[in-house]
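**Q** give me a model of this one.
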Amino acid sequence: MCGPSCVHGVCLSVDPVPVLDHAQALQKKAHRVQDLEVENQQLRGRLDEYNNEFAEVKNQGMTRSLLSELDIS
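**A** Residues are numbered from 1 along each chain as shown. The predicted structure follows:
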């Protein structure tokens, strides 16, 4: 049974402050996790862009090497 308990006509209740403090701390951690998930997603997108750009630059370098070997450039 939850709620106040009565002893000799005096009702006692449990202090909710520790539980509320703990809930608030958990809420802050959950918000931080959400922020990190968004940041992680953004960084993964940026990394994909860099990898694609690197592949293009690498291909351009290979093309230049082939052209210089053929003496077409």
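
**Q** Leu43 is in what secondary structure piece?
**A** helix 17-70 (DSSP states H and E).

**Q** from Asp15, how far off is Ser5?
**A** Distance of Ser5 to Asp15, computed by Cβ to Cβ, to the nearest Å: 13 Å. (Each C-beta comes from the backbone N, C-alpha and C, glycine too.)

**Q** who's more crowded, these two?
**A** More crowded of Ser5 and Asp15, by other Cβ atoms under 10 Å: Ser5, with 11 against 7.

**Q** tell me the contacts of that one?
**A** Contacts for Ser5 were tallied using Cβ atoms under 8 Å, 6 or more residues apart in numbering; they are Cys11, Leu12.

**Q** go again using 10 Å as the cut-off
**A** Taking Cβ atoms under 10 Å, 6 or more residues apart in numbering, we find Ser5 in contact with Cys11, Leu12, Ser13, Val14.

**Q** in strands, which of those fall?
**A** Cys11, Leu12 (DSSP state E).

**Q** fine by me, we can end here.
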